[in-house]
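A.B. asks: Sequence below, structure please.
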Amino acid sequence: MQDMESIVLDQNEEALAPAVVVATIALLAVFVLGFLIQITGIAV
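C.D. replies: Next up, the predicted model:
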């Protein structure tokens, strides 16, 4: 079990930066969609 955990941790460390980038882009996309919905809702 410890070996599997160490392997997963190593993989997570290598994929940490891309994961953060993807998460940031996803959050920005959600915020942008929310603003667009609010703007269109107010406009309509």
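A.B. asks: Listing request: residues of this protein with sub-threshold pLDDT.
C.D. replies: 1-16 (pLDDT under 70).
A.B. asks: mind listing the helices in it by residue range?
C.D. replies: With helices called from DSSP state H, the chain shows them at 2-14, 16-43.
A.B. asks: buried residues in stretch 23-34?
C.D. replies: For stretch 23-34, burial by neighbour count (16 or more other Cβ atoms under 10 Å) applies to no residue. Every C-beta, even on glycine, is put in place using the N, C-alpha and C of the backbone.
A.B. asks: Look up how far residue 24 lies from residue 31.
C.D. replies: From residue 31 over to residue 24 the distance is 11 Å, taken as Cβ to Cβ, to the nearest Å.
A.B. asks: Then residue 32?
C.D. replies: Residue 32 is 12 Å from residue 24, by Cβ to Cβ.
A.B. asks: Please apply the same query to residue 39.
C.D. replies: With Cβ to Cβ as the criterion, residue 39 and residue 24 are 22 Å apart.
A.B. asks: ok, now residue 33?
C.D. replies: 15 Å.
A.B. asks: next one: residue 35
C.D. replies: Taken as Cβ to Cβ, the span from residue 35 to residue 24 is 17 Å.
A.B. asks: which residues touch residue 37?
C.D. replies: Not one residue lies near residue 37 by Cβ atoms under 8 Å, 6 or more residues apart in numbering.
A.B. asks: Going forward, the N-terminal residue is numbered 784.
C.D. replies: All set: I'll call the first residue 784, so the last point we hit is now residue 820.
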